[in-house]
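> have a look at this fold, sequence not included:
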C-alpha cells in the first residue's frame, strides 16, 4: 500500500490577472504545516497543496528495469558486456549521456553504443548503471574510486557526492598514508575535488614532519606539482616543528635537480610559493637565516613585503598587533607547531560540545626566566555557555605553575576563520600564587547565540578555532 501523501508548506497567493504577475512580491502568504487541516485552507486554490508519494517505492519499482530488455531502447557495450538501458533514465541522470544520445551525436541513432572504460571501471560499471535507476549503490574500499571515476566522466553529480562523502568518512582515514597520497590525493587534485583534497591533506598533515623531512617520503615530496604543494602550504592543520622547517622543504622542492623545467621557472614558482609561507610565525633568528640564503639574495624583491610584515609582527606588542589589520591575514594564522613557543592553536568540534560544559586545553610556552624553564598554562573554554545564570561564551586563562614571583603577561586570544582572524581580545595580567586566572572577556566580542546559529561565521566546518599568543612584559 502506498504511503499517505505528505502535506508540506505552501505559499498560497491570490489569483491575479496575468498582467499583474510582476507584483507577486506584495501578495499575501499563507503557510500550511503538517498540523494544518485541509479544511482550514482554501482547497479551491489554483495551485493546490503539494502532496508527495513514496519516492523510495517508486525508485524500487524503477530498479526492475535495470539491464532489462523490457522497453529498452539502447544497448550499452562495456568491456564486451552488454547492458539493456533506457535513454530516458540515462539522460535525466547525466548530461554527458544526453549529449551522446542527442541528434547532434554521430551515434545517436544507433541501438547499440560501445563505451570505452578503464579495466577497473569495467568491473564496477553494473553498479554505476544500476545507481542511475535506483539511486542506491554498495561501496567498499576497492570499488569507490572506480565508481567515482565513472561518476566524474558522465557527470552524475549525486553519485559523485555519495562517493566523495563515503571516501572522506570511511576510506581515507583508514588507509596507509602512502595509499592516501598516491590514490586519493593524486586523483582529488587532478580533478579538483576540494572535499577529497581537504580530507587527504588533513590525514597527511598529522605526519607532516615525516612527509617533508624523511628519506622515505623524499620522492613523493619533490614530485608534487606546484598546485599540490600549495594545497599543503595553505593548510593550517599541518603538524610541523615550525614554519622554518616548512620553508626549507619548499626550497628543496623549488631547487630539485630532478626537475629542470621547474628550475627554468624558478622565479615564477618562487613568487607563488612565497605567498603561502607564514614568515611572521618564524623567529627573528630564522628570518635572518633566510635573508642570507642564495635563493633570497637572487630574488630580494619577492621577499620585501613578507619580511617587513614579519619584522613588524615581532616588533609590536600584542596590543599593537591587535590594532593592525595586516595581522589578520593568512600569514598570521598559526599551524599546529610542535616546538616550544609563545603561541598555541586550538581546534574544538563545536557540535560535540555540551551546554555549560568546559573544554580544557593545556599547553606549555617558553619562559622568560633563566635558567630556561617551561611555563604551563590551561585555557578553559565554555563554547555553549558558562552556566545557567551566565549564558556566555567564556575563555579563561589559567597559570598551572606554582609561582615564587609574579609573572606579568600580555595575552592575545583570537577566533580564527578559514583564511583570517575574525575577532581578537587582548589584555595584561600579573599571575601569582593567589591570582592565577585571567578572564579574556571573549564573551564581549562573540555570543553563544552567534556561535550556535546555522552557518555561523565563527565556525570552520563545525570547528571553533582559537589561537592564543602570550608575551612577558616588564
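Structure received. Note that this is a predicted model, so its numbers are computed, not measured.
> against which helices or strands is the helix or strand containing residue 152 packed?
Using DSSP states H and E, residue 152 maps to helix 144-153. Packing partners of helix 144-153 (3 or more Cβ pairs under 8 Å, 6 or more residues apart in numbering; DSSP states H and E): helix 119-134, helix 157-166, helix 186-191. The way it works is simple: take the backbone N, C-alpha and C, and place the C-beta from them, glycine included.
> what pLDDT, on average, does the last one get?
With pLDDT averaged residue by residue, helix 186-191 scores 97.
> now do the helix or strand following that helix: everything it contacts.
Following helix 186-191 in sequence order, the next helix or strand is helix 194-205 (DSSP H and E). For helix 194-205, contacts defined as Cβ atoms under 8 Å, 6 or more residues apart in numbering pick out 164-165, 167-168, 172-173, 175, 177, 180-181, 184-185, 187-189, 211, 231-232, 235, 237-239, 336.
> now helix 194-205: average pLDDT?
Helix 194-205 carries an average pLDDT of 98.
> how about it: buried residues?
By neighbour count with 16 or more other Cβ atoms under 10 Å, helix 194-205 contains the buried residues 196-205.
> and it, how far out from the chain middle?
Relative to the centre of its chain, helix 194-205 is centred 8 Å away, using Cα atoms, centre = their mean, to the nearest Å.
> then stretch 300-320?
Taking Cα atoms, centre = their mean, the mean C-alpha location of stretch 300-320 is offset from the chain mean by 29 Å.
> circling back to that earlier point, what angle do helix 157-166 and the helix holding residue 152 make with each other?
150 degrees (axes from the mean of the first three to the mean of the last three Cα atoms, to 10 degrees).
> next, the angle from helix 144-153 to helix 119-134.
Orientation of helix 144-153 against helix 119-134 (the same axes, to 10 degrees) gives an angle of 70 degrees.
> let me see the mean pLDDT of helix 144-153.
pLDDT averaged over helix 144-153 gives 98.
> who touches it?
Outside helix 144-153, the residues that touch it by Cβ under 8 Å, 6+ apart are 96, 117-118, 120-121, 123-125, 127-128, 137, 139, 156-157, 159-160, 163-164, 166-167, 171, 183-184, 187, 191.
> rewinding a little: and the furthest pair within the buried residues of helix 194-205?
196 and 205 (14.6 Å; Cβ to Cβ).
> in the stretch 251-400 of the chain, which spans are helices?
Applying DSSP state H, counting those that start in this stretch to the stretch 251-400 of the chain gives helices spanning 260-264, 266-274, 284-291, 294-298, 304-315, 318-322.
> what comes up buried for the longest one?
Read it as helix 304-315. So for helix 304-315, counting by 16+ other Cβ under 10 Å, buried means 306-307, 309-310, 313.
> any low-confidence regions in the stretch 1-150 of the chain?
1-42, 103-109 (pLDDT under 70).
> my guess is residue 63 meets residue 132, correct?
No. Judged on Cβ atoms under 8 Å, residue 63 makes no contact with residue 132 at a distance of 10.0 Å.
> more crowded one of those two?
residue 132 (23 against 16; other Cβ atoms under 10 Å).
> pretty sure the more buried one is touching residue 91, no?
No. Using Cβ under 8 Å, residue 132 is not in contact with residue 91, being 10.0 Å away.
> so who does residue 237 touch?
201-202, 205, 335-336, 347.
> same list, the residues you listed, but as a markdown table with distance to residue 279 please.
Converted to a markdown table, those look like this (distance: Cβ to Cβ, whole Å):
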| residue | distance to residue 279 |
| --- | --- |
| 201 | 21 |
| 202 | 24 |
| 205 | 20 |
| 335 | 13 |
| 336 | 18 |
| 347 | 23 |
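> now the two most distant members of those residues.
Those two in those that are separated most widely, counting by Cβ to Cβ, are 201 and 347, at 14.6 Å.
> before we move on, back to that, narrow the contacts of helix 144-153 to just the buried residues.
So, by 16+ other Cβ under 10 Å, the buried ones in those are 117, 121, 124-125, 127-128, 137, 139, 156, 159-160, 163-164, 166-167, 171, 183-184, 187.
> OK, contacts around residue 331?
Contacts for residue 331 (Cβ under 8 Å, 6+ apart) come out as 277-281, 306, 309.
> can you do 7 Å?
278-280, 306, 309 (Cβ atoms under 7 Å, 6 or more residues apart in numbering).
> tell me which of the residues you listed is nearest to residue 443?
residue 280 (27.8 Å).
> isn't the closest one up against residue 332?
Yes. Using Cβ atoms under 7 Å, residue 280 is in contact with residue 332, at 5.3 Å.
> what residues are shared contacts of the two?
residue 313.
> quick one: residue 145 from residue 130, how far?
Separation of residue 145 from residue 130 (Cβ to Cβ, to the nearest Å): 18 Å.
> centroid-nearest residue for this protein?
Closest residue to the average C-alpha location of the chain: residue 198 at 5.4 Å, with Cα atoms, centre = their mean.
> in stretch 413-420, what's buried?
So stretch 413-420, judged by 16+ other Cβ under 10 Å, has buried residues 413-417.
> first-to-last residue distance for that stretch?
Using Cα to Cα, to the nearest Å, one end of stretch 413-420 lies 14 Å from the other.
> try stretch 327-342
Stretch 327-342 end-to-end distance (Cα to Cα) = 16 Å.
> can you check stretch 147-161 too?
11 Å.
> one more: stretch 160-180?
The first residue of stretch 160-180 is 18 Å away from its last residue (Cα to Cα).
> which parts of it are buried?
160, 162-164, 166-168, 171-172, 175, 177, 180.
> chain center to it, what's the gap?
14 Å.
> stretch 189-205 now?
Here stretch 189-205 is found 9 Å from its chain centre; the criterion is Cα atoms, centre = their mean.
> any idea how far residue 382 is from residue 348?
11 Å.
> for those two, indicate the residue with more neighbours.
residue 382 (23 against 16).
> isn't that one right next to residue 354, touching?
No. Here residue 382 does not reach residue 354: they are 10.3 Å apart, not a contact under Cβ under 7 Å.
> before I go, just wanted to say thanks for your time.
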